[in-house]
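K.L.:
here is a sequence together with a model predicted from it:
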Amino acid sequence: MKKFVLQIVVAMSVFAVSCREAAPPEPFGPVPTEAQLAWQRMEINMFCHFGPNTFTGAEWGDGTEPDSLFNPSALDCRQWVDVAEQAGMKGIILTAKHHDGFCLWPSAFSGHMVAAENDVLRQFVDACRGRVKAGVYISPWDRNHPTYGTPEYNMVFSNTLKEVHSNYGPFFEQWFDGACGEGPNGKRQEYDWPLFEGTVMDANPQCVIFSDVGPGCRWVGNEEGRAGETNWSRLHVKDGARRVDNGGCGDADGDRWIPAEVDVSIRPGWFWHKEEHPKTIDELMEIFYNSVGRNGLLLLNVPPDTRGRIPAEDSAVLVAFRQERDRVFAHDLALGAKAQGSHLKGHCYGAQNVLDTAYHTYWAATDTSAVLTLCFDSPTEFDMVVLQEYIPLGQRVCRFRIECDGQCFEGTTVGYKRIVRLPERICTDKVTFRFDGMAPPVINRIALYKR
């Protein structure tokens with residue numbers, strides 16, 4: 001964290017000295033760590049639900065499945081990575097242990113697992129290395145382990161986490177499911193979350209920890225691929241609560257930076273089922289707009305089949321999904337426009353910065369209400385607007401307004417990225433953006449597109 005802050009400060013200082021005008025804006029409220037910023041900029045990652053449920057047709061196994069049931073006929077984790085890369089995904093999270101307690105690695109802390117020669121987790125991390133980032137899902141609920149439901153189990157689970165992160169890591173994300181049901185003895189477990197989180201961070205300090213309320217990123221509150229129209233990356237976590245009702249919206253005055261992750265499956269179920277089929281390209285684009293386009297990160301589940309491979313049907317849809325995104329966002333129609341902004345902090349932070357592609361340049365205003373106008377040499381046609389705040393300085397905008405040719409389009413939060421789809425195509429030579437913030441707006445990108 002200190003290294004990250006130093007890098008940002010140095011970059012800002014060099015930028016300010018080069019024009020000798022004004023110091024950069026002070027951060028406002030909680031801000032992302034280096035790992036959280038890198039995580040947010042990934043935008044879309046793959047989830048792979050894979051385990052005994054793949055072979056039984058269940059979604060939640062009961063922990064009594066024989067180990068021999070899990071027997072992929074043509075396991076190829078490199079194929080998963082091929083598909084992820086072709087789909088434009090930067091990371092993959094594998095369900096290394098689901099609620100049935102079955103471990104996809106030979107664990108010293110379980111009696112329900114793959115044989116040593118069939119170490120799926122090892123094959124997975126080896127396939128990801130140098131290509132995409134690897135993440136891991138390890139469920140604290142265990143319907144097989146005999147100590148589940150007793151104080152002893154918390155240490156068993158902590159040791160399991162240490163085993164995985166020390167022997168297979170580092171991982172970019174640790175995924176903790178919030179489910180807590182009965183174990184083989186009929187009892188529920190009282191999870192020691194501070195112990196679990198501390199174990200992960202001790203072994204892997206740069207890991208982003210997902211759970212209902214973070215601390216690295218939070219559940220959006222649904223499995224439909226939809227973040228709230230208003231979505232703050234800030235959150236209040238009161239009294240150690242593990243579940244909140246505002247996961248899709250966050251808290252405007254939250255005291256911790258815990259952005260929303262939007263998890264959804266490409267198929268109706270999370271595990272592969274022969275009779276199910278993937279979503280259409282149009283459905284996936286709608287999910288993209290409602291997740292990444294609403295200040296979230298999209299975690300799209302793509303389950304391998306009983307061979308241990310991602311089906312061709314799913315792969316084809318994912319490639320087409322990537323092609324459609326590339327088509328829609330191929331040409332930024334705002335490039336070449338002249339930008340003018342009010343309440344300017346200094347030339348270094350001028351309005352023209354919103355039109356370049358450098359992440360660490362931005363327009364910085366000095367008032368909480370500020371206006372930026374794009375002017376074109378000739379009428380320009382568009383039907384979609386992309387807005388981005390420079391979140392290393394915090395999330396500030398609570399309301400925005402887009403005005404052109406007497407028409408007005410309004411929204412609330414922006415955050416890392418906000419995609420505004422207009423109801424009809426606009427042709428104009430001038431677009432005005434009005435921002436109201438809890439602190440002076442800091443905008444690093446405005447782009448216009450035609451779908």
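P.N.:
Looks like it came in fine.
K.L.:
quick one: the helices in this protein, in order.
P.N.:
2-19, 34-42, 53-56, 77-86, 120-128, 151-168, 193-203, 281-291, 312-328 (DSSP state H).
K.L.:
mean neighbour count, mean pLDDT and distance to residue 399 added to those, as TSV?
P.N.:
Quick note: C-beta positions are derived from backbone N, CA and C, even for glycine. Output for those, formatted as TSV (neighbours: other C-beta atoms under 10 Å; pLDDT from 0 to 100; distance: least, C-beta to C-beta, whole Å):
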stretch	mean neighbour count	mean pLDDT	distance to residue 399
helix 2-19	12	51	26
helix 34-42	19	98	22
helix 53-56	20	98	45
helix 77-86	20	98	37
helix 120-128	20	98	41
helix 151-168	18	98	42
helix 193-203	17	97	35
helix 281-291	19	98	20
helix 312-328	16	98	26
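K.L.:
closest one to residue 410 among those helices?
P.N.:
Ranking the helices of the chain by proximity to residue 410 (C-beta to C-beta) places helix 281-291 first, at 17.1 Å.
K.L.:
and this protein, what are its domains?
P.N.:
Using automatic domain parsing, the domain parsing of the chain gives 34-328, 331-449.
K.L.:
which one of those domains lies closest to residue 25?
P.N.:
That would be domain 331-449 among the domains of the chain, by C-beta to C-beta, at 5.1 Å.
K.L.:
ok, and the closest non-adjacent residue to residue 326?
P.N.:
residue 88 (7.8 Å; C-beta to C-beta, 6 or more residues apart in numbering).
K.L.:
contacting residues around that neighbour?
P.N.:
44, 322, 325-326 (C-beta atoms under 8 Å, 6 or more residues apart in numbering).
K.L.:
ok, so of these, who is nearest residue 277?
P.N.:
Of the contacts of residue 88, the one sitting nearest to residue 277 (C-beta to C-beta) turns out to be residue 322, at 18.9 Å.
K.L.:
how close does that closest one sit to residue 288?
P.N.:
Distance of residue 322 to residue 288, computed by C-beta to C-beta, to the nearest Å: 11 Å.
K.L.:
residue 407 too?
P.N.:
Residue 407 sits 25 Å away from residue 288, going by C-beta to C-beta.
K.L.:
can you lay out the helices of the chain as TSV showing distance to residue 378?
P.N.:
TSV is the format used below for the helices of the chain (distance: least, C-beta to C-beta, whole Å):
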stretch	distance to residue 378
helix 2-19	31
helix 34-42	34
helix 53-56	56
helix 77-86	38
helix 120-128	47
helix 151-168	56
helix 193-203	54
helix 281-291	28
helix 312-328	23
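K.L.:
give me the number of residues near the closest residue to residue 218 other than its chain neighbours?
P.N.:
Distance criterion C-beta to C-beta, 6+ apart; nearest residue to residue 218, sequence neighbours excluded, is residue 258 at 4.8 Å. The tally of other residues near residue 258 (other C-beta atoms under 10 Å) stands at 29.
K.L.:
settle this for me: residue 258 is touching residue 215, isn't it.
P.N.:
Yes - with contact defined as C-beta atoms under 8 Å, residue 258 reaches residue 215; the gap is 6.4 Å.
K.L.:
shared neighbours, those two?
P.N.:
By C-beta under 8 Å, 6+ apart, residue 258 and residue 215 have these common neighbours: residue 237.
K.L.:
pick out the residue nearest the middle of the protein.
P.N.:
Nearest to the mean C-alpha position of the chain, by C-alpha atoms, centre = their mean, lies residue 297 at 2.7 Å.
K.L.:
what separation do you get for the closest residue to that residue other than its chain neighbours and residue 93?
P.N.:
Leaving aside its sequence neighbours, residue 297 sits nearest to residue 261 (C-beta to C-beta, 6+ apart; 5.1 Å). To residue 93, residue 261 is 10 Å away according to C-beta to C-beta.
K.L.:
can you give me the strands for the stretch 201-350 of the chain?
P.N.:
According to DSSP state E, counting those that start in this stretch, the stretch 201-350 of the chain carries its strands in the segments 208-211, 217-219, 234-235, 256-257, 260-265, 296-301, 338-341.
K.L.:
pipe the ones you listed into a markdown table and attach distance to residue 426 and mean pLDDT per row.
P.N.:
Listed next are the strands of the stretch 201-350 of the chain as a markdown table, based on distance: least, C-beta to C-beta, whole Å; pLDDT from 0 to 100:
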| stretch | distance to residue 426 | mean pLDDT |
| --- | --- | --- |
| strand 208-211 | 38 | 97 |
| strand 217-219 | 35 | 97 |
| strand 234-235 | 32 | 96 |
| strand 256-257 | 35 | 97 |
| strand 260-265 | 28 | 98 |
| strand 296-301 | 26 | 98 |
| strand 338-341 | 18 | 93 |
